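**Q** Give me a model of this one.
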Amino acid sequence: MQRDYKEALTEDIFKYITEASELLKLESYVIGGFVRDFLLQRKKSAKDIDIVAVGSGIKLAQKVAELLPNKPKVQIFKTYGTAMLRFEDVEIEFVGARKESYTSNSRNPEVEAGTLEEDQNRRDFTINALAISLNKSTYGAMLDPFGGIEDLKRGIIKTPLDPNVTYSDDPLRMMRAIRFATQLDFKIEQNSLDAIAKNAHRIDIITRERIVDELHKILLSTKPSKGFVLLEKTGLLKRFLPELVALKGIDEVQGQKHKDNFYHTLEVVDNISKKTDDLWLRWSALLHDIGKAPTKRFDKKIGWTFHAHEFVGSKMVYKLFKRLKMPLNDKMKYVQKLVLLSSRPVILAEEVTDSAVRRLIFDAGDDIEDLMIHCEADITTKNAKKFKQYHNNFKLVRQKIKEVEERDRVRNFQPPISGELIMETFNLKPCREIGVLKEAVKEAILEGEIKNDFEEAYQYMLVKAEDLGLKKI
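**A** Model (predicted):
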């Protein structure tokens, strides 16, 4: 018998599962992520635990619920033969040991009851096939049929069986391999990596929502670039994020080159990940330069240009979110806004004027701090002198933002002159002149010609109205 791992089974729930298994006369094991994370000594406490029963997982869940003092509700998923209950703040999922067979056009397998060995065979990676016995006679014994413990020690992602079969059967496992490699800072075994590249086209049968779920986990890891390099290298990335792959490479004309915007983007994402766990701010960093591929031009006088790439990129965000079935809501608009404004503070840093700062605060609104975090992450120069200079410039911008904000109160401001007031003052029905006057007042405030104050704005409106031939009634 292998080493006793009773120290992993500190949760009270395990004694109830053991008791329920005895009463039902079936075998049960804790398997997968809980065991992996225990062996890796990952600090985060388990929020979900997977239990496999050699028999009915649903009946085991129901018996455990009967034994628990709080008698939790059991959620049953008959289609998958699984059940789930909550114990304190942990979700425990029960499933019967099974074997699976797949068809070529779906990742949903035909399932039938199986042995523990057959259940471990169907697991995606050796490090996720580890199981600890919850049975009274062998309680705490580790079952490691594929050398998962050794792979954990070596930091290797490897499939239990032939990787070509594993990935072709369920192509989402390719994304999971890269996600685990990124989260755990592991290497994907070469045969497995080659198999991902060979089967990359199979990812097309996976729903966009499933792909995005894995992308989010990669993007939220400590160093997301590792995952995106692997996604690009294996050919997966071009199948769902071709806009990023289009940034890859360096062109040269007349001895003039531009930087590789793909690797620059990944560096920006890594930089911003040191500062924030905000998923959508990380998405903004990932997409901030996608407009550079379609706007890239070579000018004989000034070299490579990417005119209006921020505007083009912000428009591309909508199409990208829609294609990936991501939320077309305020999250998308937030990403669009940061992509659109991504270069503004950089330009501003060269000449910090009050009017430019006012416009930036007005346009960015409550997202001004996120925008500044993004722009600081966008500094990827390896020239130490330039690096320091850029950061010093942004310190000046930040200080100017604070000063202007305190003095002029332009963040999210609504011009003090409303359309209704203009209509009443000049006895107007809805017309073009109303918009012209409102815009004139707003521009005057942003340019610093007048204060963000009703009286000054009202007098300014009267002057501008005269220019338009309007008279106060």
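
**Q** show me where pLDDT drops low in this structure?
**A** 1-2, 43-46, 100-112, 252, 255 (pLDDT under 70).

**Q** Spell out for me which residue occupies the centre of it.
**A** By CA atoms, centre = their mean, the chain has its centre lying nearest to H216, at 3.2 Å.

**Q** Contact partners for that one?
**A** By CB atoms under 8 Å, 6 or more residues apart in numbering, the contact set of H216 is L279. For every residue, glycine as well, the C-beta is placed using N, CA and C.

**Q** For it, give its distance to K319.
**A** Per CB to CB, to the nearest Å, H216 is found 19 Å from K319.

**Q** All the helices of the stretch 251-400 of the chain, in order from the start?
**A** For the stretch 251-400 of the chain, the helices defined by DSSP state H, counting those that start in this stretch occupy 261-273, 279-287, 292-295, 309-323, 330-341, 344-350, 354-364, 368-377, 384-408.

**Q** which residues sit against the fifth one?
**A** The one in question is helix 330-341. The contact list for helix 330-341, computed with CB under 8 Å, 6+ apart, reads 280-281, 283-284, 287-288, 290-291, 310-311, 313-314, 317-318, 321, 326, 360, 363-364, 367, 370-371, 374.

**Q** Need the buried ones from those selected in PyMOL.
**A** A single PyMOL command selects the buried members of the contacts of helix 330-341 (16 or more other CB atoms under 10 Å):
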select buried, resi 280+281+283+284+287+288+290+291+310+313+314+317+321+326+360+363+364+367+370+371+374
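
**Q** Please dump the helices of the stretch 251-400 of the chain into CSV; it should also carry distance to F240 for every row.
**A** Compiled in CSV, the helices of the stretch 251-400 of the chain are given as follows (distance: least, CB to CB, whole Å):
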stretch, distance to F240
helix 261-273, 15
helix 279-287, 13
helix 292-295, 16
helix 309-323, 8
helix 330-341, 17
helix 344-350, 30
helix 354-364, 30
helix 368-377, 23
helix 384-408, 33
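
**Q** Just name the most buried of those.
**A** Among these, helix 279-287 has the highest mean neighbour count (mean count of other CB atoms under 10 Å), at a mean of 23.

**Q** where's that helix relative to the chain centroid, distance-wise?
**A** Centre-to-centre, helix 279-287 and its host chain are 7 Å apart (CA atoms, centre = their mean, to the nearest Å).

**Q** what sits up against it?
**A** 216, 219-220, 224, 228, 243-244, 265, 268-269, 271-273, 276, 313, 316-317, 320, 331, 334-335, 338-339, 342, 370, 373-374, 377-378.

**Q** quick one, it and helix 368-377 angle?
**A** Computed with axes from the mean of the first three to the mean of the last three CA atoms, to 10 degrees, the direction of helix 279-287 lies at 40 degrees from that of helix 368-377.

**Q** Restrict helix 279-287 to CA atoms and write it as PDB.
**A** The C-alpha coordinates for helix 279-287 follow below in PDB (Å, rounded to 0.1, in the frame of the first residue of the first chain):
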ATOM      1  CA  LEU A 279     -10.400  40.800 -15.500                       C
ATOM      2  CA  TRP A 280     -11.700  43.500 -17.800                       C
ATOM      3  CA  LEU A 281      -8.700  45.800 -17.200                       C
ATOM      4  CA  ARG A 282      -6.600  42.800 -18.300                       C
ATOM      5  CA  TRP A 283      -8.800  42.300 -21.300                       C
ATOM      6  CA  SER A 284      -8.200  46.000 -22.200                       C
ATOM      7  CA  ALA A 285      -4.500  45.500 -22.100                       C
ATOM      8  CA  LEU A 286      -4.800  42.400 -24.200                       C
ATOM      9  CA  LEU A 287      -6.800  44.200 -26.900                       C
END
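
**Q** Now I132: phi and psi?
**A** phi -120, psi 130 (degrees, to the nearest 10).

**Q** With K223 instead?
**A** The phi/psi pair for K223 (degrees, to the nearest 10) reads phi -130, psi 80.

**Q** show me the contacts for it.
**A** K223 touches 182, 185, 270, 273, counting by CB under 8 Å, 6+ apart.

**Q** give me the element G435 is part of.
**A** helix 432-447 (DSSP states H and E).

**Q** Name the residues of that helix that come out as buried.
**A** For helix 432-447, the neighbour count (16+ other CB under 10 Å) marks 433-434, 436-438, 440-442, 444-446 as buried.

**Q** what's the closest of those to N199?
**A** Closest to N199 out of those is L446 (54.6 Å), distances taken as CB to CB.

**Q** how close does the closest residue to L360 other than its chain neighbours get to K400?
**A** Nearest residue to L360 in three dimensions, chain neighbours excluded: R344, at 5.6 Å (CB to CB, 6 or more residues apart in numbering). To K400, R344 is 13 Å away according to CB to CB.

**Q** Could you do I17 as well?
**A** When I17 is compared with K400 (using CB to CB), they lie 61 Å apart.

**Q** Would you mind measuring the gap between the ends of stretch 53-71?
**A** Terminal residues of stretch 53-71 lie 20 Å apart, using CA to CA, to the nearest Å.

**Q** I'd guessed I203 sits against P171; true?
**A** Yes. Counting by CB atoms under 8 Å, P171 is a contact partner of I203 at 4.9 Å.

**Q** on that earlier part again, show me the two of the buried residues of helix 432-447 that sit farthest apart.
**A** Pairwise distances across the buried residues of helix 432-447 peak at 20.4 Å for E433 and L446 (criterion: CB to CB).

**Q** I51 - nearest residue in space that isn't next to it in sequence?
**A** Excluding its sequence neighbours, the residue lying closest to I51 (CB to CB, 6+ apart) is F94, at 4.8 Å.

**Q** Could you write out the alpha-carbon coordinates of the host helix or strand of that neighbour in PDB?
**A** Per DSSP H and E, F94 falls inside strand 90-96. Output of strand 90-96 as PDB, limited to C-alpha atoms (Å, rounded to 0.1, in the frame of the first residue of the first chain):
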ATOM      1  CA  VAL A  90     -17.400  24.100   0.000                       C
ATOM      2  CA  GLU A  91     -19.200  22.500  -3.000                       C
ATOM      3  CA  ILE A  92     -18.900  18.700  -3.100                       C
ATOM      4  CA  GLU A  93     -19.700  16.900  -6.400                       C
ATOM      5  CA  PHE A  94     -20.400  13.200  -6.500                       C
ATOM      6  CA  VAL A  95     -20.100  11.100  -9.600                       C
ATOM      7  CA  GLY A  96     -20.200   7.400 -10.200                       C
END
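
**Q** Helices of the stretch 101-250 of the chain, residue ranges please.
**A** For the stretch 101-250 of the chain, the helices defined by DSSP H, counting those that start in this stretch cover 116-121, 148-154, 163-169, 172-184, 190-198, 208-219, 224-233, 237-240, 242-245.
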